[in-house]
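Asker: Structure here, sequence nowhere to be found:
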């Protein structure tokens, strides 16, 4: 999260293994019609370039639930885009209405926060 908030593309990409998958949002969406996620370093770098780099991102965590080497976070992701009105999205655990793939940097598949 710190790398995203700082706009540090290289530091964020360094958190992912070569076989990592970023699913944001999870499942089919206008950003990912097939719902297969972004697989591998090149595709994940594209996600940064196409989505994350478009504006300022801030995370506010309300709760965290650790399980092994993964962590589910409940909180708010706020973005400010230069050409759009500020918008906020609530992130929650998989049982909530808006799932998030937030996890610790040590997650084996390189799951990320966005």
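Answerer: In hand now; what should we look at? Computed from a predicted model, the values in this text were never measured in an experiment.
Asker: buried stuff in stretch 12-32?
Answerer: For stretch 12-32, the neighbour count (16 or more other CB atoms under 10 Å) marks 12-13, 15-16, 20-25, 32 as buried. For glycine as for every other residue, the C-beta is placed from the backbone atoms N, C-alpha and C.
Asker: now, which of these lie within helices?
Answerer: Among those, the members found in helices (DSSP state H) are 12-13.
Asker: okay if I get the buried residues of stretch 12-32 as a markdown table plus pLDDT and distance to residue 81?
Answerer: Shown next, in a markdown table, are the buried residues of stretch 12-32 (pLDDT from 0 to 100; distance: CB to CB, whole Å):
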| residue | pLDDT | distance to residue 81 |
| --- | --- | --- |
| 12 | 96 | 18 |
| 13 | 97 | 21 |
| 15 | 95 | 23 |
| 16 | 95 | 24 |
| 20 | 95 | 25 |
| 21 | 94 | 25 |
| 22 | 92 | 19 |
| 23 | 90 | 22 |
| 24 | 85 | 16 |
| 25 | 83 | 17 |
| 32 | 84 | 19 |
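Asker: Dump the buried residues of stretch 12-32 into a markdown table; add distance to residue 41 as well.
Answerer: Below are the buried residues of stretch 12-32 laid out as a markdown table (distance: CB to CB, whole Å):
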| residue | distance to residue 41 |
| --- | --- |
| 12 | 11 |
| 13 | 7 |
| 15 | 11 |
| 16 | 6 |
| 20 | 7 |
| 21 | 11 |
| 22 | 11 |
| 23 | 16 |
| 24 | 16 |
| 25 | 21 |
| 32 | 17 |
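Asker: Now, the buried residues of stretch 12-32 that are in strands?
Answerer: 21-22 (DSSP state E).
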